[in-house]
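**Q** structure for this input, please:
(4 chains, ligands or ions: 4)
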There are 2 protein chains.
Amino acid sequence: MNASAPRAPAKPTGLDCRLAVLGSDVRLTPHRREVFDVLASSTDHPTAYDILDRVKSRSPHISLATVYNCLEHLTTAGLIKQVQLERGQSRYCANLHEHVHFHCETCGKVSDAHPAADFDPAKFWNLPKGTKVTRMDIAIHGTCEACTAKH
Amino acid sequence: MNASAPRAPAKPTGLDCRLAVLGSDVRLTPHRREVFDVLASSTDHPTAYDILDRVKSRSPHISLATVYNCLEHLTTAGLIKQVQLERGQSRYCANLHEHVHFHCETCGKVSDAHPAADFDPAKFWNLPKGTKVTRMDIAIHGTCEACTAKH
DNA sequence: TTTAGAATTAGAATGATTCTAATTGCATTA
DNA sequence: TAATGCAATTAGAATCATTCTAATTCTAAA
Ligand SMILES: [Mn+2]
Ligand SMILES: [Mn+2]
Ligand SMILES: [Zn+2]
Ligand SMILES: [Zn+2]
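**A** Numbers count the residues shown, from 1 in each chain, chains lettered A, B, ... in the order given. Ligands and ions are numbered 1, 2, ... in the order given. Coordinates of the predicted model:
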């Protein structure tokens, strides 16, 4: 590469600016880190607006556009997951273990449920030979323990 | 019930105006029947716009509002299912057998896949004791047979 | 310190769906 | 059959979540 060629896109060096895990290639700016931290310390699958509210306690001037922007970058990098349970707002999840979502139709809460160790889901459906599976989205709807107890 | 009390909601009588199956309580107007018939003869999980296009060949003056309206009534009555695979447009399905959806990320096609006879999904996830399951939405994403064959 | 690219922002635009208000259709009652 | 009243249908407006735009600010390499 000669001197007049356009400079390669800036690649920040500090290790603390990346999540080495996952070999992801997002630059972890303060906002992205805050959005990630909010999500990583939540188990309730917040929406973009929920996340905006929570991040605002640390960064009062962050905008909704930035929250969406951060969520998109983090999702693309594989650091978080976008979860679509119903029409309307997406929810987000920082749990990268294989899991499914339980949605209580009474109180609206969403929680993670993990599969039994021997679970191999693909073998249960008669997919045409030659089909390749890259991902499964499993949502279980019903009534949670607490709501069931309250009758 | 005395004469001055408001009349009970009109309940059409003709058997041909209902789908006796499912004990459903929708009045099957011509539009609703057409929307239902379009869906019942489709296996591709059309969107509301797709359905509008297809119904228009028989009823050129039907409106998008009516299509949405019909879809909502048919869904509420349990005659069809709304399917939410990604953000954006909902899709609809008239297959009432228990099944999951396979979505090809290459060509975008959506197809039904049926579970093996002995499949009891709830037992595979560690749901808290007391949880009640009413419904499961399972979407499998990947590459279909045809797209896999084309490399 | 300079500077180019990336991040951030407010607000506009978009797309899918739902709502509104007016009109039309239709089944029951008179 | 005619009158009545609710339900269905409609066009277009409104809403909601998200994405886009264009301007500004930040950051890291040189
Ligand atoms: Mn989760
Ligand atoms: Mn289906
Ligand atoms: Zn609950
Ligand atoms: Zn395909």
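**Q** tell me which stretches of chain A form helices.
**A** Assigned by DSSP state H, the helices in chain A fall at A:30-40, A:48-56, A:64-76, A:145-149.
**Q** so the second one, near DNA strand D or not?
**A** In other words, helix A:48-56. Yes: Helix A:48-56 comes into contact with DNA strand D (Cβ under 7 Å from any atom of the strand), by way of A:48-49. Every C-beta, even on glycine, is put in place using the N, C-alpha and C of the backbone.
**Q** hang on, the earlier thing: can you tell me which of the helices of chain A is most buried?
**A** Most buried of the helices of chain A by mean neighbour count (mean count of other Cβ atoms under 10 Å in any protein chain shown) is helix A:30-40; its value is a mean of 19.
**Q** what does that helix contact?
**A** Helix A:30-40 is contacted from outside by A:26, A:28, A:46, A:51, A:54-55, A:58-59, A:62, A:66-67, A:70-71, A:73-74, A:79-80, A:92-94, using Cβ atoms under 8 Å, 6 or more residues apart in numbering or on different chains.
**Q** closest one to residue B:85 among the helices of chain A?
**A** With respect to residue B:85, and counting by Cβ to Cβ, the nearest of the helices of chain A is helix A:64-76 at 16.9 Å.
**Q** for that closest one, give me every contacting residue.
**A** A:26, A:31-32, A:35-36, A:39, A:48-49, A:51-52, A:55, A:80-82, A:92.
**Q** from the residues you listed, which two are the most distant?
**A** A:26 and A:49, at 22.2 Å, using Cβ to Cβ across the contacts of helix A:64-76.
**Q** tell me the mean pLDDT for the strand with the most length in chain A?
**A** When chain A is parsed with DSSP state E, its longest strand is strand A:132-143. On average, the pLDDT along strand A:132-143 is 94.
**Q** which non-adjacent residue is nearest the residue nearest the centre of chain A?
**A** Central residue check for chain A by Cα atoms, centre = their mean: the C-alpha nearest the mean position is that of residue A:81, 2.4 Å away. Take residue A:81 and drop its neighbours on the chain: the residue closest to it by Cβ to Cβ, 6 or more residues apart in numbering or on different chains is residue A:93, 4.7 Å away.
**Q** cool, residue A:56 as well?
**A** Taking Cβ to Cβ, 6+ apart, and ignoring the residues beside it in sequence, residue A:56 has residue A:62 as its nearest neighbour in space, at 6.3 Å.
**Q** I figured residue A:103 hits residue A:143, correct?
**A** No: applying Cβ atoms under 8 Å, one finds residue A:103 not in contact with residue A:143, separated by 10.1 Å.
**Q** that older thread, I'd like to know how many residues surround the residue nearest to residue A:56.
**A** Using other Cβ atoms under 10 Å in any protein chain shown, residue A:62 has 18 neighbouring residues.
**Q** ok, it - contacts?
**A** For residue A:62, the residues meeting the contact criterion (Cβ under 8 Å, 6+ apart) are A:31, A:34, A:52, A:55-56.
**Q** can you tell me which of those is closest to residue B:150?
**A** Nearest to residue B:150 among the contacts of residue A:62, counting by Cβ to Cβ, is residue A:31 at 41.7 Å.
**Q** up against DNA strand C, what does chain A have?
**A** By Cβ under 7 Å from any atom of the strand, the part of chain A that sits against DNA strand C consists of A:6-7, A:9-10, A:26-27, A:29-32, A:59, A:61-66, A:69-70, A:73, A:87.
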